[in-house]
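> Prediction below, plus the sequence it came from.
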Amino acid sequence: MRNGVQGLLVVIFCLMVLGCNEAPSAPNASLNLQINTHKVAAIRIPADTESLIFPIFVPVNTDESGMTFSVKSTHSDFHIELFDPDNKRVASSSSGKGYFIPSRTFPPEARVNQWGFPRIVDPKPGEWTVKFLKTDRDSKKNVDLQLSIGLIPKYSAWINAYETRIQVGQPTIIQMSLSTHGVENSIEGHTIEVFNKTNEKIDSLTVSNNMVRPDGVRINVTDQSYLAQYIPKKSGIHTFKAEFTGEINGKPSTKKIEHVISVVDSKLSITGFSMTPVDSSMGMTNVDISVSVLAQTATFLVVRVTYSRNGETIDTSRNKEMRAGERANFSFPITDITQQEFDARSILIERIELVDFDVESSAKIMLSMPINKTVTRNAEDIKPEGKGEFDTLGSTAPDNRDELH
């Protein structure tokens, strides 16, 4: 190992995307990079050391990946340089390239400065080195810093839905992106296919950089955003899939991406939720919890409210036989609330559930909505139809996947 590593105290952490080598031990530590893997090293330049060299090993075949690295530290009195296996300097904190973000957090000891550097495309295999050089050579203090480095695949792509839980017939926007070495690609007119839980294709979308609303207003946030509108026709788990073709090391490659959302049956919906305090005798207060529901079809409905009071979880329910198109309000009073309970914020409305109870006496939860609102003396009227607030039980979406073949 090169000169300048004496006294090096290093602790290695691994933040894994696909995997990570076992962390080497100090003091002669180094990082072995892997494709699609990001690693972080906590490094200390001892008080009696002016410079320090940290080795990084790049594998033989990186599939044209890009090497990214950045540094964080509460200190700012040092330079950073990166050398390739031929000892050629390819990046430096004093070159004017990349970025430096000084922290202005108070107090000063809590500040964390950041350095970032341009991506290095298809890095040469072998031993790279990062050199840290103190600018204040008279300083007799340790300099602690964090080095973050990884190999990012040549192609990066993703699909994202503006809302991950929606109702049947509710429009939502789907966004898709493809980049090569961090530079956005034009994917105008690219296809997204939609599949149900049994992997049956149920729809097809095309993304555009020029989506407009009915009033003519352009929806796209930037010139690099590609969007499509999706209106689900049936409930369940809906998976969006797309493929891109490219070339890695002179050979064809395919990038596959997926994104999953939950679609709720709109047979039942919560149209309103309110909390109304009413003073009672003996200095106590009652709070009426009101839930408004719309039934699109006839059903025997059970509305259940779950709340906690002084650490105890309480379930209370109301039921009603609903006609098609009927709206109804359901009241759930919480009585004899003391001022001490209000002050301690000890009563929390946790969740509202709508249960369809059919003639065979088997219940099905149609909608489960997290509320997480503390009961106070102030009246509140909440409209729960906002983005992503519906939580369908029993249909948890799997993690989104990003694969390269």
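Yes, it's here. Residues are numbered from 1 along each chain as shown.

> now the protein, which segments are flagged as low pLDDT?
1-29, 96, 103-110, 214-215, 221, 223, 266, 358-362, 382-405 (pLDDT under 70).

> which residues does Ser262 form a beta bridge with?
Per DSSP bridges, the residues bridged to Ser262 are Arg165, Ile237.

> cool, Val130 as well?
Phe54, Leu82.

> what lines up beside the helix or strand hosting Val302 in the sheet?
Here Val302, judged by DSSP states H and E, is contained in strand 299-309. Neighbouring strands of strand 299-309 in its sheet, by DSSP bridges, are strand 312-322 (antiparallel), strand 347-357 (antiparallel).

> what's in contact with the first one?
Outside of strand 312-322, the residues that reach it under the criterion C-beta atoms under 8 Å, 6 or more residues apart in numbering are 293, 295, 298-308, 328, 330-332, 350, 357. For glycine as for every other residue, the C-beta is placed from the backbone atoms N, C-alpha and C.

> Just after that strand, pick out the following helix or strand.
Using DSSP H and E, the helix or strand that follows strand 312-322 in sequence is strand 327-337.

> Which residues belonging to the next helix or strand after that following strand are considered buried?
Later in the chain than strand 327-337, the nearest helix or strand by DSSP H and E is helix 339-344. Neighbour-count burial for helix 339-344 flags Glu341, Phe342 (criterion: 16 or more other C-beta atoms under 10 Å).

> got the contact list for Lys154?
So Lys154 contacts Asp63, Glu64, Ser65, Gly66, Thr180, His181, Gly246, Ile248 (C-beta under 8 Å, 6+ apart).

> just the strands paired with strand 299-309: most buried one?
strand 347-357 (a mean of 19; mean count of other C-beta atoms under 10 Å).

> elements contacting the helix or strand just after it?
Beyond strand 347-357 in the direction of the C-terminus, DSSP H and E gives the next helix or strand as strand 363-374. Packed against strand 363-374 by the contact rule (3 or more C-beta pairs under 8 Å, 6 or more residues apart in numbering; DSSP states H and E) you find strand 268-279, strand 347-357, strand 380-382.

> run the last query once more with 7 Å
strand 268-279, strand 347-357 (3 or more C-beta pairs under 7 Å, 6 or more residues apart in numbering; DSSP states H and E).

> tell me the angle the shortest one makes with strand 327-337.
Our comparison of strand 347-357 with strand 327-337, counting by axes from the mean of the first three to the mean of the last three C-alpha atoms, to 10 degrees, yields an angle of 150 degrees.

> re earlier: for Met176, find the nearest of the helices and strands packed on strand 363-374.
For Met176, the closest of these is strand 268-279, at 29.1 Å, according to C-beta to C-beta.

> what's the closest one packed up against?
Partner elements for strand 268-279 (3+ C-beta pairs under 7 Å, 6+ apart): strand 285-295, strand 347-357, strand 363-374, strand 380-382.

> Touching that strand from outside, list them.
The contact list for strand 268-279 (C-beta atoms under 7 Å, 6 or more residues apart in numbering) reads 167, 285-295, 299, 301, 327, 352, 354, 356, 366-367, 369, 371, 375, 377, 379-384.

> Buried members of those into PyMOL, please.
Selection of buried members from these for PyMOL, criterion 16+ other C-beta under 10 Å:
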select buried, resi 167+285+287+289+291+292+293+294+295+299+301+352+354+356+366+367+369+371+375+384
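
> sorry, back to before: would you mind listing the outside residues contacting the strand holding Val302?
Contacts of strand 299-309 (C-beta under 7 Å, 6+ apart): 267-268, 289, 291, 293, 295, 313-322, 330, 332, 346-357.

> related to what we said a few turns ago, quick one: the helices and strands packed on strand 268-279 as a markdown table, columns for distance to His190 too.
Converted to a markdown table, the helices and strands packed on strand 268-279 look like this (distance: least, C-beta to C-beta, whole Å):
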| stretch | distance to His190 |
| --- | --- |
| strand 285-295 | 38 |
| strand 347-357 | 38 |
| strand 363-374 | 34 |
| strand 380-382 | 39 |
